[in-house]
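In: when you get a sec, could you give me coordinates for this:
(one chain, ligands or ions: 2)
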Amino acid sequence: MAKKAGSGKQQASNDTARKPQATQSTPTFPHIGPKVTIPSHVILTDQIILLNNFLNALECQAFIKMIEMLPLELTPPKKRGEAERVNYRFSMQSPTFAEKLFSLLLPHLPQLDTGNGIRRRPVACNPNIRLYKYTPSQHFGAHYDDSVVDSATGYRSEWTILVYLSGVEDGVEGGETLFYKTEKRKPNDTITAPLTRGTALLHRHGQHCMLHEGSKVLKGIKNSVTAPVGINPDCGITRAGQEGSLGNIANIIVCGLSIFLVIGLVVLVERRKAAVGRVEFRTLLIIYLLTLPFQLLTNGSLLEQGSTALVALTAIHAGLVATLFWSLLFNALVATQFVEDGTISSMLASVVQICPTVPCLMLH
Ligand SMILES: O=C(O)CCC(=O)C(=O)O
Ligand SMILES: [Fe+2]
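Out: Numbers count the residues shown, from 1 in each chain. Ligands and ions are numbered 1, 2, ... in the order given. Prediction:
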């Protein structure tokens, strides 16, 4: 009898719950070539997708050879509340392989549901890579996969990718990944993903994960490689021009209008009759005017996240905002002067006002 979800969902055992593991030495992964066409086959909308022939027979063979050389761990006996997993595994952090895997997957990936009705193209594979080997009678009990956040990028995973390195073509019997529509696990509510060599199985994980298991291998050896797949963080605004996004359109419009408004104010200040503070105020407006195109570009979701252009423009923007602060302070000093004659003595009143506040601030 498979484990009941009961009070809480049966999670993959602690060491399989997609929490990044202590880094093991990274093996040299075999070469994987890009594939021209890999049609995606949706088995269950927003839940299970198959990409057949993601790896060819030679690539699968090379992976299995690599797995055979690794110091695989046989699962220790399960603890309370953990899913039963009896197989051999090698787990590691490999950002390089995760990037390679993702670059090959990306051209063939459909947009995936992020959980709030929005579909997005995934952005990365998590570097937590696992290699599995199941011998006859081994299996992975029913469980749910957890989401993980990649600390380097902040991407939260929403899907699992599982690539079968061996399958029925190799004489493997049993070992299919089973998905249950209900926790009762009735045969009518069970979806069986065919165990086909080279197929990449994408399935939803985290909050919307279906209860699933790696069924018992009856004959032959099942090998697979798996990684979590991340989608954009929820708070991100898709870059303008991508997936029909207008970027941060409100920011773009307001900054655009502000540019014209501030130019108008600069002109009006020029014509101002007041003897004191005119130049300072105009300088403040000009500095503010300079910040606006940078605000528009850096906060408008127009540029690629992490790109050199965005970093450079953000640095200039931050510098201008700091300058704006000092200019504003200077305007405040000028505006509080006592004798409005424009000479240095007019600053006296400001000094007299500010000095007593300093000890008060220090006491706080
Ligand atoms: O090997 C399988 O078929 C299932 C593996 C799995 O569920 C997992 O790695 O979380
Ligand atoms: Fe799983």
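
In: let me see the contact set for the nearest residue to Gly214 once chain neighbours are set aside.
Out: In this structure, Gly214 finds its nearest non-sequential neighbour in Phe140, 3.5 Å apart by Cβ to Cβ, 6 or more residues apart in numbering. Every C-beta, even on glycine, is put in place using the N, C-alpha and C of the backbone. For Phe140, the contacting residues are Ala12, Thr16, Ala83, Glu84, Arg85, Val86, Asn87, Tyr132, Tyr134, Glu213, Gly214, by Cβ atoms under 8 Å, 6 or more residues apart in numbering.

In: neighbours of Thr37, how many?
Out: Thr37 has 7 neighbours, counted by other Cβ atoms under 10 Å.

In: look up how far Leu51 lies from it.
Out: As judged by Cβ to Cβ, to the nearest Å, Thr37 and Leu51 stand 11 Å apart.

In: how about Leu333?
Out: Leu333 sits 66 Å away from Leu51, going by Cβ to Cβ.

In: Lys184 now?
Out: Counting by Cβ to Cβ, the gap from Lys184 to Leu51 is 30 Å.

In: more neighbours: which of the two?
Out: Counting neighbours by other Cβ under 10 Å for Lys184 and for Leu51 shows that Leu51 has the greater number, 22 against 11.

In: the more buried one touches Ser40, doesn't it?
Out: Yes - in this structure, Leu51 is within contact of Ser40 by Cβ atoms under 8 Å, at 5.6 Å.

In: find the residues that touch each one of those two.
Out: Contacts common to Leu51 and Ser40, judged by Cβ under 8 Å, 6+ apart, are His108, Leu109.

In: my read is that Gly220 contacts Ser166, right?
Out: Yes - the criterion here is Cβ under 8 Å, and Gly220 meets it with Ser166 at 7.0 Å.

In: neighbour count for the two, which is higher?
Out: Ser166 (25 against 19).

In: assign a three-state SS to the residue nearest to Ala62 when sequence neighbours are not counted, would you?
Out: Spatial nearest neighbour of Ala62, excluding adjacent residues (Cβ to Cβ, 6+ apart): Pro30 at 3.4 Å. Using DSSP: H, G, I helix; E, B strand; the rest coil, the secondary structure recorded for Pro30 is coil.

In: could you report the pLDDT at Pro30?
Out: With respect to pLDDT, Pro30 scores 94.

In: and it, how far is that from Pro95?
Out: 18 Å.

In: how near is Asn299 to ligand 1?
Out: For Asn299, the distance to ligand 1 equals 39 Å [Cβ to the nearest ligand atom, to the nearest Å].

In: how about that residue, what does it touch?
Out: By Cβ under 8 Å, 6+ apart, the contact set of Asn299 is Asn248, Asn251.

In: if you tally nearby residues, what's the number for the nearest residue to Asp189 once chain neighbours are set aside?
Out: Nearest non-adjacent residue to Asp189, counting by Cβ to Cβ, 6+ apart: Lys181, 4.1 Å away. Lys181 has 15 neighbouring residues, counting by other Cβ under 10 Å.

In: stretch 224-243: which residues count as buried?
Out: Judged by neighbour count using 16 or more other Cβ atoms under 10 Å, the buried positions of stretch 224-243 are Ser224, Val225, Thr226, Ala227, Pro228, Val229, Gly230, Ile231, Asn232, Thr238, Arg239, Ala240.

In: keep only those of the residues you listed that are in strands.
Out: Ser224, Val225, Thr226, Ala227, Pro228, Val229, Gly230, Ile231 (DSSP state E).

In: just name the lowest-scoring one in the residues you listed, pLDDT-wise.
Out: Lowest confidence among those: Ile231, with 72.

In: and the residue in the chain that ligand 1 sits nearest to, backbone torsions?
Out: Ligand 1 sits closest to Gly214 of the chain, with a gap of 2.9 Å, by Cβ to the nearest ligand atom. Backbone torsions of Gly214, given as degrees, to the nearest 10, read phi -100, psi 110.

In: could you measure it against Thr196, distance?
Out: Taking Cβ to Cβ, one finds Gly214 at 15 Å from Thr196.

In: quick check: which element contains Glu304?
Out: Of the helices and strands defined by DSSP states H and E, none includes Glu304.

In: residues in contact with it?
Out: For Glu304, the contacting residues are Arg239, Leu310, by Cβ under 8 Å, 6+ apart.

In: what do you get for the one 5 residues further on?
Out: Contacts here follow Cβ under 8 Å, 6+ apart; on that basis Ala309 touches Leu303.

In: next one: Leu296
Out: Asn251, Ile252, Cys255, Gly256, Ile259, Leu302.

In: got the buried residues for the helix or strand where it lies?
Out: Per DSSP H and E, Leu296 falls inside helix 278-299. Buried residues in helix 278-299, counting neighbours by 16+ other Cβ under 10 Å, are found at 278, 280-285, 287-289, 291-299.

In: measure Leu296 to Val266 for me?
Out: The value you get for Leu296 to Val266, if Cβ to Cβ is used, is 18 Å.

In: just Arg282 next, same as before
Out: Distance from Arg282 to Val266, by Cβ to Cβ: 6 Å.

In: and Asn126, by the same measure?
Out: Counting by Cβ to Cβ - Asn126 and Val266 are separated by 50 Å.

In: likewise Arg185?
Out: In terms of Cβ to Cβ, Arg185 sits 71 Å off from Val266.

In: go on, Pro34?
Out: Relative to Val266, and taking Cβ to Cβ, Pro34 is found at 54 Å.
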